[in-house]
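Colleague: sequence plus predicted model, see below.
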Amino acid sequence: SNYKRHLLITGGAGFIGSHLVQLLVKKYPDYHIVNLDKLTYAGNLENLKGIEDAPNYTFVRGDIQDADFLQKLFSDYHIDGVIHLAAESHVDRSIESPIAFIETNVVGTAQLLNAARQAWAGDWDGKLFYHVSTDEVYGSLGATGFFTETTAYDPRSPYSASKAASDHLVRAYHHTFGLPVVLSNCSNNYGPYQFPEKLIPLMINNIRHSKPLPVYGDGSNIRDWLWVGDHVEAIDQIFHGGRTGETYNIGGHNERKNLELVEGLCDVMDDLLDQPAGTSRKLITFVKDRPGHDQRYAIDASKLNAELGWEPTVSVEEGLAKTAAWYLEQTDWLEHVTSGAYQEYYEKHYDGR
Ligand code: NAD
């Protein structure tokens, strides 16, 4: 083929994956971008509007746990690079049904590693397997300190434990078999196209419907928020410039208490909805804390900054305002993802193509 690279992106119909696919398809017309996604409840092809018909883009529906399917995919599309984002990603769901997280995040990652190892068969030249992971593998921080790349793993939820296991497998394939890998561990992302089970879009959607805003415990848990566009920019830089075998932490130094974040969002929404100040804050309702709820996450991203010059470009205030405005404009998208109508969209656009 005439393409310079043949990249497999897994989970490209999800929140972060769709932003990454949008970026790569437009930025690298000389790369073939193959998007592999199972289209679980979290995958939505409407996130990929605008690039679906690009000549350098192909969508394939499939499961990363399916070894035969993966083998054929690597060979059919001459895959020479993988950016792996497919995962079960919601902590609360991992508490309700942990096994799906082990299946996709652990077994699925192992199958994908194995497929890459077999397809590349020791010819590592120009090949790279990039695993996108989370800072939650490091556990929970007290009031001070930051996660660095050498912080010991201490996952505490089935979600973070499954991501930790997958990180270990990626490193094991590097050390044992020589597979060229790179990893990144990122803090909480937010922005357009995030499924409305996650904190920020959930709150925006509930404010729209004047429904209670459930805040866990006393709202004192701290998260480090990163604009999704800054994350996918970092992934692009690490894929192209990161050192093989290395791990890079990604974060925005944007720590906020959950309650503080929700209050800020309420004020932004009152403004956008032309409501009297304080209207949305009245909807805040404290609910029973999440079991094992990690107290604080905060990322030290200085390695990434020193080696590749990456830094976040969007502040939380700016990002929240952009996100809230986007969700208010995209009421169709919101209705579709909350109604399952995007399955019909899939059938209309992709079946029988
Ligand atoms: P998401 O839930 O929005 O998307 C996940 C995608 O993976 C969906 O499109 C889903 O259909 C697909 N998928 C799930 N199981 C699959 C399977 N077995 N085979 C093929 N596809 C499958 O998740 P996200 O928030 O975009 O996160 C993407 C990745 O980034 C995950 O690996 C997550 O652990 C990691 N991450 C997320 C955050 C965050 O704040 N959202 C932060 C750091 C790291």
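Modeller: Cool, the structure landed. Residues are numbered from 1 along each chain as shown.
Colleague: the ligand contacts on the stretch 51-200 of the chain?
Modeller: Counting by CB under 6 Å from any ligand atom, the residues of the stretch 51-200 of the chain close to the ligand are 63-65, 85-89, 104, 108, 132-134, 163, 186, 188-189, 195. Bear in mind the C-beta positions are built from the backbone N, C-alpha and C, glycine included.
Colleague: could you identify the buried members of those residues?
Modeller: If you count burial by 16 or more other CB atoms under 10 Å, the buried members of those come out as 63-65, 85-89, 104, 108, 132-134, 163, 186, 188-189, 195.
Colleague: which ones among the residues of the stretch 51-200 of the chain next to the ligand lie within strands?
Modeller: Those of those mapping onto strands are 132-134, 186, 188-189, per DSSP state E.
Colleague: dump those to a markdown table, plus pLDDT.
Modeller: Converted to a markdown table, those look like this (pLDDT from 0 to 100):
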| residue | pLDDT |
| --- | --- |
| V132 | 98 |
| S133 | 98 |
| T134 | 98 |
| C186 | 98 |
| N188 | 96 |
| N189 | 97 |
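Colleague: name the nearest of these relative to L304.
Modeller: C186 (10.0 Å; CB to CB).
Colleague: what about the closest residue to that closest one other than its chain neighbours, how many residues close to it?
Modeller: Distances taken as CB to CB, 6 or more residues apart in numbering put I250 closest to C186, at 4.0 Å, once the chain neighbours are dropped. I250: 29 surrounding residues under other CB atoms under 10 Å.
Colleague: okay, I250: pLDDT?
Modeller: Looking at I250, its pLDDT reads 98.
Colleague: that one contacts A234, doesn't it?
Modeller: Yes - between I250 and A234 a contact is recorded at 4.8 Å, counting by CB atoms under 8 Å.
Colleague: which neighbours do these two share?
Modeller: 184, 186, 304, 310 (CB atoms under 8 Å, 6 or more residues apart in numbering).
Colleague: the closest residue to S75 other than its chain neighbours - how many residues pack around it?
Modeller: Distances taken as CB to CB, 6+ apart put A119 closest to S75, at 6.5 Å, once the chain neighbours are dropped. For A119, the neighbour count with other CB under 10 Å is 18.
Colleague: which residue does the protein bring closest to the ligand?
Modeller: The minimum distance from the chain to the ligand, using CB to the nearest ligand atom, falls at G14 (2.0 Å).
Colleague: how about that residue, what does it touch?
Modeller: Applying CB under 8 Å, 6+ apart, the residues near G14 are 37, 42-44, 47, 85-86, 89, 195.
Colleague: as a markdown table, those with pLDDT and distance to I79 would be great.
Modeller: Listed next are those as a markdown table, based on pLDDT from 0 to 100; distance: CB to CB, whole Å:
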| residue | pLDDT | distance to I79 |
| --- | --- | --- |
| D37 | 98 | 15 |
| A42 | 93 | 23 |
| G43 | 94 | 20 |
| N44 | 93 | 24 |
| N47 | 95 | 22 |
| L85 | 98 | 15 |
| A86 | 98 | 14 |
| S89 | 96 | 23 |
| F195 | 92 | 27 |
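Colleague: picking up where we left off before, what about the shared contacts of I250 and A234, which are in strands?
Modeller: 184, 186.
Colleague: mind checking the longest helix of this structure?
Modeller: Of all segments of type helix in the chain, defined using DSSP state H, the longest is helix 158-177.
Colleague: run through who's touching it.
Modeller: Contact with helix 158-177 is made by 87-91, 93-95, 98, 101-102, 105-106, 109-110, 113, 117, 129, 131, 133-134, 136-137, 139, 153, 155, 179-181, 183, 185, 244-245, 247, as judged by CB under 8 Å, 6+ apart.
Colleague: show me which of those are buried.
Modeller: Burial by neighbour count, judged by 16+ other CB under 10 Å, picks out 87-91, 93-94, 98, 101-102, 105-106, 109-110, 113, 117, 129, 131, 133-134, 136-137, 139, 155, 179-181, 183, 185, 247 from the contacts of helix 158-177.
Colleague: so where do the strands sit in the stretch 1-150 of the chain?
Modeller: Residue ranges of the strands in the stretch 1-150 of the chain, as given by DSSP state E, counting those that start in this stretch, are 5-10, 31-37, 57-61, 81-84, 128-134.
Colleague: return the set of buried residues in stretch 20-32.
Modeller: Buried residues in stretch 20-32, counted by 16+ other CB under 10 Å: 20-25, 28, 31-32.
Colleague: how about residues contacting it?
Modeller: With CB under 8 Å, 6+ apart, stretch 20-32 has contacts from 1-7, 9, 12, 33, 35, 48, 50-51, 54, 56-58, 77, 83, 85, 232-233, 235-236.
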